[in-house]
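S.K.: Sequence first, predicted model second:
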Amino acid sequence: MSGLYSDDLIAVLEEIWGIGWLSPGGPAEVKNVLEGHDIKGKTVLDIGCGAGGVDLELVRTHGAAYVTGIDVEDGVLARARQHVTAAGLQERIGLIKVAPGPLPFPPETFDVVFSKDSIVHIPDKHALMAEVARVLKPGGLFLASDWLIGHDRAPSDAMKAYIAAEGLDFGMASPARYKAAIEAAGLTVLKIESRSAWYAEEARRELAEIESTAFAGRLGQIGAEFIAHNAEIWRKMIPVLETGEHCPTHLAARKP
Ligand SMILES: C[S@@+](CC[C@H](N)C(=O)[O-])C[C@H]1O[C@@H](n2cnc3c(N)ncnc32)[C@H](O)[C@@H]1O
């Protein structure tokens, strides 16, 4: 796979969201996703680990015993390896390239399956949740943030324009589809909570940052055209966040 997350895109996203982060909110959002659950001393699978910021956070701040980060792209995994090595956490974080599809782990391997804004790339939510349920130990937790579409109708023109601008392989599904997939996998839903309002506000701040001359200055090696393209994505994203049609969401579920 040549990679949807090019080195330039990784650099732009890390400039917006912080070193190691390819999604919004950073440590505070991870804390929100974990709210009410203690992962200290637990084994964690992180689906779509990206550049590894999440994995460092799960170990350093939240005391996970061991995090296995999986991703389908070499570029993000190379970046994650740099960050994990720089932090000296190779003994606590393993990074594995996987192919899309079944998870390459035996049944009942992990205490927790975590994911931050990556399942959006996996179109078949039912197949994914069946795999999550299979690799979780009994009593284990699925704790995730993801980018959903707020409804099951055809996307509005504004939403179509946003998804096309992203150019990523977004396989967005509604909260109802996630709930059905989680329940069909035999897990108990604990939380499905929209973050649209929070992210609409964040995204307006992020857009102002992307449009600033300081931002372009810090990314000197990256062309103005690529930065302008990203600003255009944010301009298309903010209206659909404001209506809630683009619906970042926190999810929690337990395996009985
Ligand atoms: C928006 S990034 C989020 C990365 C990281 N979780 C974070 O919050 O910084 C989405 C990630 O999902 C990965 N991804 C896409 N399809 C995947 C799949 N089928 N299995 C695992 N990861 C996948 C992408 O390569 C990318 O690194």
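M.R.: Yep, it's here.

S.K.: residue contacts, the residue of the stretch 151-256 of the chain found nearest the ligand?
M.R.: Relative to the ligand, the nearest point of the stretch 151-256 of the chain is D169 (7.6 Å; CB to the nearest ligand atom). In short, each C-beta sits where N, CA and C put it, glycine included. By CB atoms under 8 Å, 6 or more residues apart in numbering, D169 lies in contact with 4, 121.

S.K.: ok, now with 10 Å
M.R.: D169 makes contacts with 4, 100, 120-123, as judged by CB atoms under 10 Å, 6 or more residues apart in numbering.

S.K.: State which strand of the protein is the longest.
M.R.: The single longest strand within the chain, with elements called by DSSP state E, is strand 136-149.

S.K.: Number of residues surrounding L219?
M.R.: By other CB atoms under 10 Å, 18 other residues sit near L219.

S.K.: Find the nearest non-adjacent residue to it, please.
M.R.: Leaving aside its sequence neighbours, L219 sits nearest to E15 (CB to CB, 6 or more residues apart in numbering; 5.7 Å).

S.K.: tell me the mean pLDDT for the host helix or strand of that neighbour?
M.R.: Element membership of E15 [criterion: DSSP states H and E] is helix 7-17. Mean pLDDT, helix 7-17: 95.

S.K.: Check which element follows it along the chain.
M.R.: helix 26-34.

S.K.: Any part of that next one near the ligand?
M.R.: No - shown here: helix 26-34 not in contact with the ligand (CB under 6 Å from any ligand atom), separated by at least 8.4 Å.

S.K.: In space, what's closest to I192 - neighbours in sequence excluded?
M.R.: P175 (5.2 Å).

S.K.: Show the contacting residues for the one you found.
M.R.: By CB under 10 Å, 6+ apart, P175 lies in contact with 148-152, 192-194, 247, 249, 251.

S.K.: Out of those, which is nearest to G36?
M.R.: E193 (11.7 Å; CB to CB).

S.K.: Kindly list the main-chain dihedrals of the closest one?
M.R.: phi -130, psi 120 (degrees, to the nearest 10).

S.K.: Return the list of helices and strands in contact with the helix or strand harbouring A78.
M.R.: If you go by DSSP H and E, A78 is part of helix 74-86. Using 3 or more CB pairs under 10 Å, 6 or more residues apart in numbering; DSSP states H and E, the elements in contact with helix 74-86 are helix 7-17, helix 53-60, strand 66-71, strand 93-97.

S.K.: What parts of this structure come near the ligand?
M.R.: Residues of the chain lying near the ligand (CB under 6 Å from any ligand atom): 5, 21-23, 47-51, 53-54, 70-73, 76, 98, 100, 116-118, 121-122.

S.K.: From the centre of the chain, point out the most distant residue.
M.R.: T213 (28.0 Å; CA atoms, centre = their mean).

S.K.: give me phi/psi at that one?
M.R.: The phi/psi pair for T213 (degrees, to the nearest 10) is phi -70, psi -30.

S.K.: Quick check, the residue in the chain closest to the ligand?
M.R.: G50 (2.4 Å).

S.K.: Touching, that residue and L4? I think so.
M.R.: No - if you go by CB atoms under 10 Å, G50 and L4 don't touch, sitting 11.4 Å apart.

S.K.: Helices of the stretch 101-250 of the chain, start to end?
M.R.: 125-135, 157-166, 175-184, 196-210, 213-218, 224-243 (DSSP state H, counting those that start in this stretch).

S.K.: Compile those into CSV and extend it with columns for mean pLDDT.
M.R.: Formatted as CSV, these follow (pLDDT from 0 to 100):
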stretch, mean pLDDT
helix 125-135, 98
helix 157-166, 94
helix 175-184, 98
helix 196-210, 97
helix 213-218, 92
helix 224-243, 96
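
S.K.: of those, which approaches K255 most closely?
M.R.: helix 125-135 (5.9 Å).
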